[in-house]
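Student: pasting a predicted model and its sequence here:
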Amino acid sequence: MTHLKTIRTPEQRAEADEVIWGPYRFRPGVDYADALGRAVPPFPLLPGGRTQLTVDPSPRPSWHEGSDGEQGWRDRYRTSPIRLWATCTVPDHKPWSLAFAVPQDGGWTLGGA
């Protein structure tokens with residue numbers, strides 16, 4: 001990963017493990033999101049159902065500095081999809097996982113897909 005080339009210290013490596021490498025994270029502490037904004041606990045969602053979760057722009061890592069700094073971090077993910085994983089459960093079946101790449105414009109919500 002080219003964005004990891006500037007990691008030089010053990011502290012930066014630890015920080016890299018916590019970075020959300022995408023445009024948004026769940027807001028920590030809201031909707032029961034974890035402290036890093038990586039996950040929310042399971043919640044029921046019926047077929048065709050919807051829910052809203054609070055997100056914030058993902059914070060840039062401390063080493064992402066220089067002339068572009070914060071703006072460069074935002075530009076990098078300006079059009080990137082929001083990547084989500086869901087674990088689905090139904091009685092009498094093994095759980096399965098689904099992965100989504102959700103466009104930032106919210107267009108996917110209009111068609112119900």
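Tutor: Great, that's in hand. Residues are numbered from 1 along each chain as shown.

Student: run through who's touching stretch 84-97.
Tutor: If you take Cβ atoms under 8 Å, 6 or more residues apart in numbering as the criterion, stretch 84-97 is touched by P42, L98, A99, F100, V102. Where C-beta positions appear, they are placed from N, C-alpha and C, glycine not excepted.

Student: which of those residues sits closest to S80?
Tutor: Using Cβ to Cβ, V102 is the member of those that lies nearest S80, at 10.4 Å.

Student: the residue nearest the centre of the chain: what's it in contact with?
Tutor: Geometric centre of the chain, nearest residue: R25, 4.3 Å, by Cα atoms, centre = their mean. Applying Cβ under 8 Å, 6+ apart to R25 gives the contacts L36, G37, R38, V55, D56, P57, S58, P59.

Student: E18 is in contact with L36, isn't it?
Tutor: Yes. When contacts are counted by Cβ atoms under 8 Å, E18 is listed as touching L36 (5.6 Å).

Student: lowest-confidence helix or strand of the chain?
Tutor: When each helix and strand of the chain is scored by mean pLDDT, DSSP states H and E, helix 108-111 comes last, with a mean of 54.

Student: measure the residue of the chain most remote from its centre to G49 for me?
Tutor: The C-alpha centroid of the chain is most remote from D92, which lies 30.4 Å away (Cα atoms, centre = their mean). Going from D92 to G49 by Cβ to Cβ, to the nearest Å gives 21 Å.
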